[in-house]
Structures are given as structure tokens and as C-alpha cells.
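Asks: Dropping a prediction and its sequence here:
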Amino acid sequence: MSDPSLLRLTLAEARDGLAGKSVSARELTAAYNDAVAEIAPLNAYITPTPERALAMAEASDRRLARGEALPLDGIPIAIKDLYCTKGVLTTAASHILDGFHPPYESTVTDRLWQSGAVMLGKTNLDEFAMGSSSTTSYYGPVENPWRRPGDNRPLVPGGSSGGSAAAVAARAALAATGTDTGGSIRQPASYCGIVGLKPTYGRCSRWGVVAFASSLDHPGPMTRTVRDAAIMLRAMSGHDPRDSTSALMPVPDFEAALTGDVRGLRVGIPKEYRVEGMPAEIEALWEQGVEWLRAAGVKPFEISLPMTKYALPTYYIIAPAEASSNLARYDGVRFGLRVEGDTLDEMYELTRAAGFGAEVRRRVLIGTYVLSAGYYDAYYLKAQRVRTLIARDFATAFERVDGILTPPAPSAAFAIGEKSEDPIAMYLNDVFTVPCSLAGLPAISVPAGLSRDGLPLGLQIIGRAFDEETVLRIAEVLESAAQFRHLPSFVAGGAR
Amino acid sequence: MALDKAAVANIAALARIRLSETDLAPVADELSQILTWIEQLNEVDTSGVPPMASVAATGLPMREDQVTDGGCRDDILGNAPRTARGFFVVPKVVE
């Protein structure tokens, strides 16, 4: 049995321990391989890769011994199973990608391996990242490692990056990659009591990430601390000529931005985010966040983002439209599942009927409809125009403020199956994360407190495009003030 | 907008997803509910507002029209459900 205390280190502490030779990459990775096996009941990983992890760790140890350590050498991380990993099963949690072993590596994971990180495995998610609960996976639902005290019902980890969030929260990965299209990094981070950062659109390459909605898909890190998110983001970022929307921007040392000094920064509090029916405890924590920032020298301002209420319907036109186009490639010809038919069309129809789950099917059908002749202007073009107005709301606000503080989600984690009957109720989970997704702005969720039920709640900071540094700096100040030290009820390496 | 079963069958055919006869009514209900919900966008005056296709600030980057990749036929075919002599195999499409 490996040393469970290794699982309690943050990424930054583990990095320093590896550099100082107080632990080897092999020891650390062995402890995490055990942890991955131990949390199997959560169904957070679809494909663990323990042997590859040990081989990568040994290569890290050789570099560490030679004094040639890379920035993430020996750091064991989990990869959302939406990133293509060369020769390793990549499923997008869909039946339709049965047996798909990509012949190439995604840009972001390639950068992580080039930085010395160690792959523990591929994590579970909502099918094709479409969902807010990680319950639509072909490989079964993910369980949140948190439970309400005195209540045995399994809770959702949020979604779609629920496997990554659960793995990091349960101390079965030092960090993980996620992807965020409408909140899929920040909402599960909030539900699992970890940090989740959606960078600016274009900061991290989408190349080799299974496409859902190309104008909205953002790769990003999920970690236990803000500092760890800064370290991961630096390794994941950078221009990639293979993604035509990848930004030609220098990658700053995000960790260096964590000065703890936010004096004089102006932070906006959008009045439209006080939505009807929001639990009082979420409003109270939000107010507490304002006070924490004020105490640190931030000037809070009430701001208005008048288009907020239209963000969700806009998103649920644009995202399905792009998805219906992106998912046209799953046709039984080149990869994955195939159900034979007498004609080519019949083969397509039978393959796609068998291969897509109910939520993916629903979104492909909606997307097909809003793009179809006669409806394109009324739905898709209309949504694109409202998207312009939503982005303008933020642009106007950022003339007055340096960041925006909101809750990341309107509730704490809910029970598995609780909202699955009503698709719109599920969509409403994304009310606070979708608007800045449409605008492509960086945003982070930081664990900030517990609900009355004993479940984690987060706070969200939204920033200007390509100003992740300010987002991280404010987030770290919130993190220091909140002192969130709670552990989930189920963690690898035994009780708290 | 309420969709009827015929409209849903047409959408499903366009999307190349086979729906059984018994699926049509419940799927029509689901989609109609979602469409009714998204139609609240009609409240927004968007006259003169340009559509936003992407938040990426610049236009598409240009590069020389050169082959930069390739020569990996077997890698590409490696994931195909059916292949023969270096090709993908599909049901006969030409009589």
C-alpha cells in the first residue's frame, strides 16, 4: 500500500516535493494509481492507464535525477475522455465511438506530456459533453464523492466534466483537464468543491478535442487550488496553427500573477444574476464574497447585464446547431459503431439511432431543425444576433470594472435522477455560466463554503478576454478568505 | 412552435437518425417544449444587430496552400468498422 499522505498534497506542493527529492515521481504515481482503483465506485474514470502512468513517471524521475525537470514533471493528472489520446481508447462517453483509438494526440494533452505530466487515465463525462450532471454517459453516471451528511443518496458531480471533477475532489488525480461549452468546467467544480477555470476562447487549442459546439468549446484545467489552476493553464495554453481560432497571444506566467494584491480593483456585481427562486444561502455566500473582496481592497460596483435572461435560449440554439453539424461525422464509415443496413442512408440512420443517447439525439434534432431551410433566420440567425448583444453587455461592463463576481450555479449538487425528466430544468443549471461562455470570456469557480446540507458551493469570477491573470489573482484572494478545507465524504486514502 | 409527428419525422430524416413510430409523439412533445422556451428570444429587438459567429477577434488566418500532413492511410483506416484493399467499405450506392 502506498503512502496516502501523498494524496493530500496540492499540485504546487507535489512539484516542490519532486524537485526537492522528498518524493519520487514513481512513488507519487503509484499512490495515485491506487487511488484511481480505490474510487472505482464513483465511476469517475472510463479508462485508467496505470502502466502508462508508471512508465511516464519513470521518465520523469530520470529527468529529475539529471536536473532537467520539466514544469509538470511527475505530476499525475486525469484527462477528460473528450481529448484524443494517441493509442488510448477515446469515447466521448458515447456508444457511437466504440473502440476508437485515435492515431493522434490532442494539442493540449500533447503540451501537458511535453511538460512532463503523467496520465492516470481518461475520465467520464456526459455523452459528447452534453449535460450538467454526468449522468448521460454510455458508461453510466458518475457519482459525486460528496454526500449530504446523514443521507445516503448518491449525488451528481455536475457536468459535463463530472468525472474529472470527482477524481480531483476524491484525491484520485492531482489535477485534470475539462472542457467548458456552457459551464462544463465551472459547474462541476462548484458541485465537487474544487477549482475550475474556463480560459478565454482561443487560449487553449481545441485541436484533437472531440467537437461539440466549436464556437463555444473551451479546454481548461480543474484543480484543488487556484495556484494549481495557474500552473496547469500555463502548460495547456499557446497558439496552435492547427486550430484556426487559436489566439496568437503570448502565454504569461499565470502563477506570477498571484500576488495577493487586489487593492483598487473594481469588481462588478450584476443585478440580473439575482434570479427568482435562487436559494438564500447562495445569495448569502455571494454577499460574503463581496465582503471578502471589499476587505481585501476591491471596490465592488453594482452593474447591469440586461441580456442575461436571454443567454440560455440563445445557447440552446447555437450549441445544438453547431453540434448537429459536428456530429454529422459519426456515420459508421470511418470510426466507431456501425449498424449494417441495406442502403447507405439506412446504415447511417440505424448507426446513429443506436449510437446516440437520448440527450445527444435531442440536441442533434433541435440543431438540425434550427438550421433547416425556412427556420434558419428565425432561430439560428436570431440567436447569433442576440449573442452579439450579450457580448456587448460584457464589453460595456468591462469599461467600468476589472472583474465580475457571481455564483457559478443556482444550487448545490442534486441527487442522481432528480432532474433528468425535464430537459429545461436541467438546462437552467447553466444560467450563470452560459452568458460569459457566449462571450468567450475567462471565468473561474472557486470553492467558497458549504450549503446547509453540507455540500460545497462556489463563487465565480469573470474577467476580460485574455486577462486570466486578474481572474486568477482575484480568485486566489477569495480562496484565501474562504479557507475551504472540507473534504468529501469519500476520498482515496481513507477518512479525512 | 408545436411540432407534429410528420415534422419530427422529417427532421429525423435530415439528421439521419432513425426514429421508431412510437418515438415520434414523445420526441415531438419534447422538441416543442424546448422550441417554445427558446422563442422568448423574439422579445429582443435585434434590428441592425450583426450576427456573431465567433468571438475570435480576428479573421481566419491564411497559410501557403501546401501539403503539411499525410502518408498515414493505415492509421486512418485503423479505426474503420469495414475496410478492403485500402478503402472504406459502405453499402452499394450506385446500381
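Replies: Received it, and whenever you're ready, just let me know what you need.
Asks: What separation do you get for the residue nearest the centre of chain A and A:Leu125?
Replies: A centroid search over chain A (C-alpha atoms, centre = their mean) returns A:Ile185, at 2.1 Å, as the residue closest to the centre. The spacing between A:Ile185 and A:Leu125, counted by C-beta to C-beta, to the nearest Å, is 11 Å. To be clear about C-beta, it is placed using only N, CA and C from the backbone, and glycine gets the same treatment.
Asks: ranges for the strands of the stretch 201-350 of chain A?
Replies: Using DSSP state E, counting those that start in this stretch, the strands of the stretch 201-350 of chain A run over A:218-223, A:266-270, A:299-303.
Asks: do the longest one and chain B meet at all?
Replies: Looking back up the chat, that one is strand A:218-223. No - counting by C-beta under 8 Å from any C-beta of the partner chain, chain B has no neighbours in strand A:218-223; the shortest distance is 10.3 Å.
Asks: Could I get the average pLDDT for that strand?
Replies: Averaged over strand A:218-223, pLDDT sits at 98.
Asks: same check, this time on the last one
Replies: Strand A:299-303 shows a mean pLDDT of 97.
Asks: Then stretch A:23-32?
Replies: Rounded mean pLDDT across stretch A:23-32 is 98.
Asks: Please apply the same query to stretch A:373-389.
Replies: 96.
Asks: gap between the residue positioned nearest the centre of chain B and B:Ser32?
Replies: By C-alpha atoms, centre = their mean, the mean C-alpha position of chain B lies nearest to B:Ala15, the distance being 6.7 Å. From B:Ala15 over to B:Ser32 the distance is 17 Å, taken as C-beta to C-beta.
Asks: One more: A:His101?
Replies: For A:His101, the distance to B:Ser32 - C-beta to C-beta - is 40 Å.
Asks: Same check on A:Ala189?
Replies: Remark: distance between A:Ala189 and B:Ser32 (C-beta to C-beta) = 34 Å.
Asks: Counting neighbours, go ahead and name the busier of these two.
Replies: A count of neighbours by other C-beta atoms under 10 Å in any protein chain shown puts A:Ala189 above the other of A:Ala189 and B:Ser32, at 38 against 16.
Asks: Provide a list of residues in contact with the more buried one.
Replies: Each residue near A:Ala189 by C-beta atoms under 8 Å, 6 or more residues apart in numbering or on different chains is listed here: A:158, A:165, A:178, A:195-196, A:222, A:408, A:445, A:447, A:458.
Asks: can we see that at 6 Å?
Replies: A:165, A:195-196, A:222, A:445 (C-beta atoms under 6 Å, 6 or more residues apart in numbering or on different chains).
Asks: any idea whether it is helix, strand or coil?
Replies: Secondary structure state of A:Ala189, per DSSP: H, G, I helix; E, B strand; the rest coil, is helix.
Asks: what about the spatially closest residue to it that is not a sequence neighbour, helix or strand, and which?
Replies: With sequence-adjacent residues excluded and distances taken as C-beta to C-beta, 6 or more residues apart in numbering or on different chains, A:Ala189 is closest to A:Gly196, at 2.7 Å. Using DSSP states H and E, A:Gly196 maps to strand A:195-198.
Asks: Can you list the neighbours in contact with that strand?
Replies: Strand A:195-198 is contacted by residues A:180, A:185-186, A:189, A:218, A:220-223, A:226, A:229, A:443-446 when judged by C-beta under 6 Å, 6+ apart.
Asks: how about 8 Å then?
Replies: In contact with strand A:195-198 (C-beta under 8 Å, 6+ apart) are residues A:161, A:165, A:178, A:180, A:185-186, A:188-190, A:218, A:220-226, A:228-229, A:233, A:433, A:436-437, A:442-447, A:468, A:471-472, A:475, A:479.
Asks: related to what we said a few turns ago, and the residue nearest to the centre of chain B, how close does it get to A:Leu441?
Replies: Taking C-beta to C-beta, one finds B:Ala15 at 32 Å from A:Leu441.
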